[in-house]
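Student: Any chance you could fold what I've pasted below:
(chains A and B)
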Amino acid sequence: MHAVFLKGSPPAGRDPLSNRAAAAVMAATKARGWEVRSFALAGMDIGPCRGCFSCWLKTPGRCVIADDQEAVLAAAAGCARFIWLTPVTFGGYSPELKKSLDRIIPILLPFFTKVRGETHHPLRYPPFRRRLLVVGTRREDDVEGEKAFLRLVGRNALNMGDAEASAVVFSGDVSLADMERRLGEEPFFAEAAR
Amino acid sequence: MNGRKVLLLTASPRGAASVSRALGEYLLARLEERGMAIKSLPLYPALGDEKRLAELLAAVDLCSLLVVSFPLYVDHLPSPLIELLRQVADRRAGRGAEARQSLAAIVQCGFPESAHCRPAADVVRLFAAQAGFRFLGCLACGMGGAVGGRELKGTGGVARHQLRALGEAAAFLADDREIPAGVVERMGRPMIPRWFYNLAADWGWKRQAKKFATSARLKERPYSEER
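Tutor: Residues are numbered from 1 along each chain as shown, chains lettered A, B, ... in the order given. Modelled structure (predicted):
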């Protein structure tokens, strides 16, 4: 099984909880023998999307900005398992994760299609149902923030070809062992490799 | 002048051609008519420019009403705006009670349904709560592509609901009152019939592809070998 792991933690050392969650994700994938392409986004040179739509029109499927996002796109294009990690930031994603997601649209087509009655973009790569796991971390309990986070993950899943998505939020002083156990309960990890 | 200051912060990479800028500037003009002192700053030129960023953060500190206007990026705010909001929240953490400041947002997307913008509205609302702003509401609309790079008044009635909603919202924002649900609903109304928008959008991509001689390549899969 191949998986792509986008680690949207802040720069090294600033968020021990997020780093612990990253270690738990890696342990969970390793325990299942998965091959993981992991990207520590904070240290990567990924500029902001220019909103030029060149990736749909001039160079279909490729972003015209030459930086580290190229490697993310190449790995993400056909991956069946997608894992995102982020500190829950105002009920959403960190800028570190988001700078990469903002430039993920080359894996979609410009045209419109209907998904569950709404308009979305179809996937550029062969139709398969991608699985998405979003792992959030936060220092304190925040019911409102967690609800918003879960809604956002659900919306992202629809926009990623109606991916099968789940989200886990770790808060407070959760140990690495507890994180690993919790992740292990996720259907994302439990199901046999396809 | 009523002594209140509004700062429009436009977070779009498209500069003058930005729909977010057009929507924000229209609201700003209506707020000026109601006696507010106005200031408009684009976020993207401040990226990587410490002096401009400091000016922007100082302007946020000084305004009575902050309006952020942005395009929807993957169901959410564009990354540079999240980064800025995080900096604003960090600067304000632990500050004592100061002059009351309020926040409103405008978000638009290229999908025909404004409902796509709901998670972004959540994020702005939660930012406001965390950073100590009073949240006055989020005006969201779809069909941003129907406005294109034009000023709202030049859209020949296409954006009539949005023009009216922004004008109505200005009356409430100028008085530091929350935008009523009816105005938010009006803002989210379709500019044109959905079927027509979808048809025009698909046709628009194909027409532009002709210009770039990529018509036959639009569905290319350059990373297929990576699978």
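Student: Would the helix or strand of chain B with the lowest mean pLDDT count as contacting chain A?
Tutor: Lowest by mean pLDDT, DSSP states H and E among the helices and strands of chain B is helix B:194-211, with a mean of 94. Yes: applying C-beta under 8 Å from any C-beta of the partner chain, one finds helix B:194-211 touching chain A at B:194, B:198, B:201-202, B:205, B:208-209. No exception for glycine: its C-beta is placed from N, CA and C like everyone else's.
Student: Residues contacting that helix, please?
Tutor: With contacts defined as C-beta atoms under 8 Å, 6 or more residues apart in numbering or on different chains, helix B:194-211 is touched by A:56-57, A:110-112, A:119, B:110, B:112-113, B:143, B:145-146, B:190-192, B:215, B:217-218.
Student: And stretch B:102-117, what's buried?
Tutor: For stretch B:102-117, a neighbour-count test (16 or more other C-beta atoms under 10 Å in any protein chain shown) marks B:102-114, B:116-117 as buried.
Student: Also stretch B:5-20?
Tutor: Within stretch B:5-20, the residues that qualify as buried by neighbour count (16+ other C-beta under 10 Å) are B:5-14, B:18-20.
Student: again with stretch A:5-21
Tutor: A:5-10, A:15, A:17-21.
Student: Among the residues you listed, which ones are in helices?
Tutor: Mapping the buried residues of stretch A:5-21 onto helices (DSSP state H) picks out A:17-21.
Student: The spatially most central residue of chain B: what's its closest spatial neighbour, skipping adjacent residues?
Tutor: Centroid check for chain B by C-alpha atoms, centre = their mean gives B:Ser69 as the closest residue, at 2.2 Å. Spatially, and ignoring its direct neighbours in sequence, B:Ser69 is nearest to B:Gly24 (3.4 Å; C-beta to C-beta, 6 or more residues apart in numbering or on different chains).
Student: so that neighbour sits in a helix?
Tutor: Yes: under DSSP: H, G, I helix; E, B strand; the rest coil, B:Gly24 sits within a helix.
Student: ok, it - contacts?
Tutor: Contacts for B:Gly24 (C-beta under 8 Å, 6+ apart) come out as B:8, B:10, B:40, B:67, B:69, B:106.
Student: can I get these in CSV with distance to B:Val158, pLDDT and secondary structure?
Tutor: Below are those laid out as CSV (distance: C-beta to C-beta, whole Å; pLDDT from 0 to 100; DSSP: H, G, I helix; E, B strand; the rest coil):
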residue, distance to B:Val158, pLDDT, secondary structure
B:Leu8, 22, 98, strand
B:Thr10, 21, 97, strand
B:Ser40, 23, 97, strand
B:Val67, 22, 98, strand
B:Ser69, 18, 98, strand
B:Ile106, 17, 98, strand
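Student: okay if I get the residues you listed as JSON lines plus distance to B:Leu152?
Tutor: Output for those, formatted as JSON lines (distance: C-beta to C-beta, whole Å):
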{"residue": "B:Leu8", "distance to B:Leu152": "14"}
{"residue": "B:Thr10", "distance to B:Leu152": "14"}
{"residue": "B:Ser40", "distance to B:Leu152": "15"}
{"residue": "B:Val67", "distance to B:Leu152": "15"}
{"residue": "B:Ser69", "distance to B:Leu152": "12"}
{"residue": "B:Ile106", "distance to B:Leu152": "11"}
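Student: Give the ranges of residues in chain A that sit below the confidence cut-off.
Tutor: By pLDDT under 70, the low-scoring segments of chain A are A:127, A:191-194.
Student: and if we set it to 80?
Tutor: Judged by pLDDT under 80, chain A has its weakly predicted residues at A:1, A:12-13, A:126-129, A:190-194.
Student: Can you tell me the centre-most residue of it?
Tutor: Centroid-nearest residue in chain A, with C-alpha atoms, centre = their mean: A:Trp84, separated by 2.9 Å.
Student: isn't it right up against A:Ser9?
Tutor: No: judged on C-beta atoms under 8 Å, A:Trp84 makes no contact with A:Ser9 at a distance of 11.0 Å.
Student: As a check, name the ranges of all helices in chain A.
Tutor: For chain A, the helices defined by DSSP H cover A:16-31, A:54-57, A:69-76, A:95-101, A:143-159, A:176-184, A:187-190.
Student: near chain B at all, the second one?
Tutor: Yes: in terms of C-beta under 8 Å from any C-beta, part of helix A:54-57 sits within range of chain B, namely A:56-57.
Student: most distant residue from the middle of chain A?
Tutor: When distances to the mean C-alpha position of chain A are computed (C-alpha atoms, centre = their mean), the maximum falls on A:Lys58, with 26.3 Å.
Student: coming back round to it: can you give me the buried ones in the least confident helix or strand of chain B?
Tutor: By 16+ other C-beta under 10 Å, the buried positions in helix B:194-211 come out as B:194, B:197-198, B:201, B:205, B:208-209.
Student: and of these, the nearest to A:Ala190?
Tutor: Top of the list for closeness to A:Ala190, among the buried residues of helix B:194-211 and by C-beta to C-beta, is B:Asn198 at 38.5 Å.
Student: Just list the residues touching B:Asn2, thanks.
Tutor: B:34-36, B:174 are the contacts of B:Asn2 under C-beta under 8 Å, 6+ apart.
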